[in-house]
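A.B. asks: Provided below for reference: sequence and predicted model.
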Amino acid sequence: MSRGGPRLIPLATSSSPLRPPARRYGVLLAVLTAAAISLTVGVIFFRGGGRSGGDAAAVDADRDAEPVFDVAADALPPTTTVLGAAAAAPSTRVFLDVAHDNATVGRLTLGLFDARAPRTVANFVALATGTGGPPPVGGEPGTGTAGFAGVAFHRVIAGFMAQGGDYERGDGRGGRSIYPGGKFDDEPFVTTHDSRGVLSMANSGPNTNGAQFFITFKATPWLDGKHVVFGRVLDGANVLDAIERVDTVGGSRPSAPLVISACGVLDA
């Protein structure tokens, strides 16, 4: 295929040379034979439900192998309407108090989209309240608790986003979810990264959500369909500005500790 688009193959025109009669009959016979074979295969395919028994069994086996999470299937988002985060209605409100170099910066108030990403919201709320499950195992460094209090924003890129939530290692290499196995699947991508202050899940590929999250400094549409949006900043624009301005080393790591000093759920 050329860069200019698909290459067109011209149909035969009236100026095409005529074929000898014998060759024409041979071609006609070949066409009829091919049509008969196609019809037979089509009947077999239709009677088999579109795939052979072996293929059907393989698909069913794959479905049975999918991980089962704690949230019931009927808790999945009832809507498939795609909205920008700025237009989505939040339910639960969570606060993150932020400190930089042991000095208070202020409070971020986040509105979470319970109806659009219930599993993701349940995970975030549990970690924000310190009820996220057992502490790290296997001698991994970390705070020893499954929660966001005292955890760093380990990655800040001005003009892009701030990332945090790794309560196990603090450097982006850890952070299990509350669900069995530590990772959980993406929920439907029904909310977009359309503005500054969007709250979304960090991951290492499809269906690898854990504890890490990020907050955008601008619209990031190239992340749509790859990262699950589950909230937005409701209050604390000045705090988000301060986070974006922190000095970094290596292009993204804050030069002085930038941490969530306290966090929790706000009353409705």
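C.D. replies: That came in fine, so what should we check first?
A.B. asks: Could you pull up phi and psi at the residue lying closest to residue 174 once chain neighbours are set aside?
C.D. replies: When the adjacent residues along the chain are set aside, residue 174 lies closest to residue 168, with 3.2 Å between them (C-beta to C-beta, 6 or more residues apart in numbering). Placement of C-beta: from N, CA and C, glycine included. Dihedral pair for residue 168: phi -90, psi -50, per degrees, to the nearest 10.
A.B. asks: after the least confident helix or strand in the chain by mean pLDDT, next one along is what?
C.D. replies: In the chain, no helix or strand scores lower on mean pLDDT, DSSP states H and E than helix 53-64, which sits at a mean of 30. The first helix or strand that comes after helix 53-64 along the chain, using DSSP states H and E, is strand 83-84.
A.B. asks: Identify the residues contacting that next one?
C.D. replies: The contact list for strand 83-84 (C-beta atoms under 8 Å, 6 or more residues apart in numbering) reads 116, 190, 191, 192, 194, 195.
A.B. asks: ok, now which ones touch the third one?
C.D. replies: Going by C-beta under 8 Å, 6+ apart, residue 191 touches 82, 83, 84, 85, 88, 113, 116, 117, 229, 230.
A.B. asks: Give me the local confidence score for it.
C.D. replies: Looking at residue 191, its pLDDT is 96.
A.B. asks: ok, it to residue 149 distance?
C.D. replies: According to C-beta to C-beta, to the nearest Å, residue 191 stands 27 Å off from residue 149.
A.B. asks: Would you mind giving the secondary structure of the nearest residue to residue 227 once chain neighbours are set aside?
C.D. replies: In space, and not counting its chain neighbours, residue 227 is closest to residue 200: 4.6 Å by C-beta to C-beta, 6+ apart. Three-state call for residue 200 (DSSP: H, G, I helix; E, B strand; the rest coil): strand.
A.B. asks: Residue 200 - how many residues pack around it?
C.D. replies: Using other C-beta atoms under 10 Å, residue 200 has 27 other residues around it.
A.B. asks: Surely it touches residue 219?
C.D. replies: No. The criterion here is C-beta atoms under 8 Å, and residue 200 misses it with residue 219 at 11.9 Å.
A.B. asks: Overlap of the contact sets of these two?
C.D. replies: Both residue 200 and residue 219 are contacted by residue 193, under the criterion C-beta under 8 Å, 6+ apart.
A.B. asks: check contacts around the closest residue in space to residue 225 that isn't next to it in sequence.
C.D. replies: Once flanking residues are discounted, residue 225 sits nearest to residue 189: 4.9 Å by C-beta to C-beta, 6+ apart. Neighbouring residues of residue 189 by C-beta under 8 Å, 6+ apart: 82, 224, 225, 226, 228, 229.
A.B. asks: Looking at these, which are in strands?
C.D. replies: Counting by DSSP state E, these place residue 229 in strands.
A.B. asks: ok, and the most crowded of the contacts of residue 189?
C.D. replies: Neighbour counts for these peak at residue 229, which has 27 neighbours (criterion: other C-beta under 10 Å).
A.B. asks: How confident was the prediction at that one?
C.D. replies: 98.
A.B. asks: Likewise for the one 10 residues further on?
C.D. replies: Note on residue 239: pLDDT of 98.
A.B. asks: doesn't residue 104 make contact with it?
C.D. replies: No. Counting by C-beta under 8 Å, residue 104 is not a contact partner of residue 239; they are 9.9 Å apart.
A.B. asks: tell me, what's touching those two both at once?
C.D. replies: residue 98.
A.B. asks: For this structure, which segments count as helices?
C.D. replies: Secondary structure of the chain (DSSP state H): helices located at 21-47, 53-64, 118-128, 237-245.
A.B. asks: hmm, back to that, looking at the contacts of residue 189, spot the one nearest residue 210.
C.D. replies: For the contacts of residue 189, the residue nearest residue 210 by C-beta to C-beta is residue 228; the value is 12.0 Å.
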